[in-house]
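*Asks:* no sequence on this one, just coordinates:
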Ligand SMILES: Cc1cc2nc3c(=O)[nH]c(=O)nc-3n(C[C@H](O)[C@H](O)[C@H](O)COP(=O)(O)O)c2cc1C
């Protein structure tokens with residue numbers, strides 16, 4: 001990765017969001033995108049997705065079998081030295097959200113509801129799709145990686161860091177996300193095309209339900225597997241935990257390069 005200035009410190013909402021997540025039984029959230037109808041009018045689209053940690057680290061610690069697969073299949077593990085305030089999810093390139101992002105300036109809104117702590121979090125920003133198959137770096141992939149790299153800081157480096165870490169590779173990190181899924185979940189990337197009528201035969205005989213994938217570079221699954229990285233510009237927490245003092249806190253990114261956020265208490 002090329003040396004460049006990076007946000008010097010974690011966003012102020014990162015620790016409170018992680019704290020709420022740690023008390024929650026669920027790590028799924030609703031992700032909204034914008035689509036266009038036949039009359040070219042914007043229409044909302046939303047779906048449940050699974051939070052997979054702050055890029056570049058898949059949420060849960062890697063299962064020993066995933067680490068074993070990364071080692072035995074000669075992928076290896078990247079040094080655990082970067083962190084960011086960008087939320088990651090995994091998805092299938094054939095699903096609706098991917099072209100919707102391309103058609104709508106990449107805008108998204110994610111909504112978490114944590115009943116255990118009675119808090120709603122809304123995360124607004126742009127989402128970039130990374131993980132083009134076989135490391136083929138077309139213009140979109142290069143641009144997406146460049147935007148994500150801008151938010152990656154070297155852990156613990158402190159103010160004004162110009163982090164460069166030797167030996168950290170994009171391909172390996174995408175494969176680590178793929179490895180963090182169970183073989184059955186990896187197999188879902190070889191399902192027939194999502195959203196097509198069941199009456200329609202899959203495009204080829206390799207696409208079928210209930211497959212198990214052990215090969216981390218399975219060409220069919222990796223053709224479709226992607227990591228979606230959400231770069232927040234505005235985050236809002238609605239805290240209902242004290243009904244007599246409902247709190248709505250807004251954080252807005254005011255200085256992208258410097259990682260500066262403005263915190264404002266709003267009427268709920
Ligand atoms: C609990 C739960 C978790 C899900 N997690 C994901 C996910 O992490 N990524 C994903 O692409 N779809 C996930 N899905 C499926 C999506 O809700 C949705 O059906 C799929 O992404 C296709 O949506 P799209 O065509 O609008 O992109 C999940 C569904 C459920 C019920």
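*Replies:* Now that the structure is in, tell me what you want to look at. Please read these numbers as outputs of a predicted model, since none were measured by experiment.

*Asks:* ok, the residue lying closest to residue 184 once chain neighbours are set aside - how many residues close by?
*Replies:* Closest residue to residue 184 apart from its sequence neighbours, by Cβ to Cβ, 6 or more residues apart in numbering: residue 212 at 5.7 Å. Glycine gets a C-beta too; all of them are placed from N, C-alpha and C. The tally of other residues near residue 212 (other Cβ atoms under 10 Å) stands at 11.

*Asks:* give the contact list for residue 212.
*Replies:* 183-184, 186-187 (Cβ atoms under 8 Å, 6 or more residues apart in numbering).

*Asks:* now it: how far from the ligand?
*Replies:* Counting by Cβ to the nearest ligand atom, to the nearest Å, the gap from residue 212 to the ligand is 19 Å.

*Asks:* next, that residue: phi, psi?
*Replies:* phi -110, psi 130 (degrees, to the nearest 10).

*Asks:* and the pLDDT at it?
*Replies:* pLDDT for residue 212: 98.

*Asks:* show the end-to-end separation of stretch 87-96, please.
*Replies:* Length of stretch 87-96, first residue to last, Cα to Cα, to the nearest Å: 19 Å.

*Asks:* now stretch 117-125: mean pLDDT?
*Replies:* 98.

*Asks:* likewise stretch 65-73?
*Replies:* Per-residue scores along stretch 65-73 average to 95.

*Asks:* repeat for stretch 93-111
*Replies:* Rounded mean pLDDT across stretch 93-111 is 98.

*Asks:* tell me which residues of that stretch are tucked away?
*Replies:* 93-95, 97-98, 100-101, 104, 106, 108-110 (16 or more other Cβ atoms under 10 Å).

*Asks:* do it and the ligand meet at all?
*Replies:* Yes: legend: contact between stretch 93-111 and the ligand by Cβ under 6 Å from any ligand atom is shown at 95-97.

*Asks:* out of the contacts of residue 212, who has the most neighbours?
*Replies:* residue 186 leads the contacts of residue 212 on contacts (other Cβ under 10 Å) with 22 neighbours.

*Asks:* pretty sure that one contacts residue 213?
*Replies:* Yes: contact criterion Cβ atoms under 8 Å: residue 186 and residue 213 qualify, at 3.8 Å.

*Asks:* mutual contacts of these two, please.
*Replies:* With Cβ under 8 Å, 6+ apart, residue 186 and residue 213 have common neighbours residue 221.

*Asks:* would you mind naming the residues that bridge with residue 122?
*Replies:* Beta-bridge pairing of residue 122 under DSSP bridges involves residue 111, residue 236.
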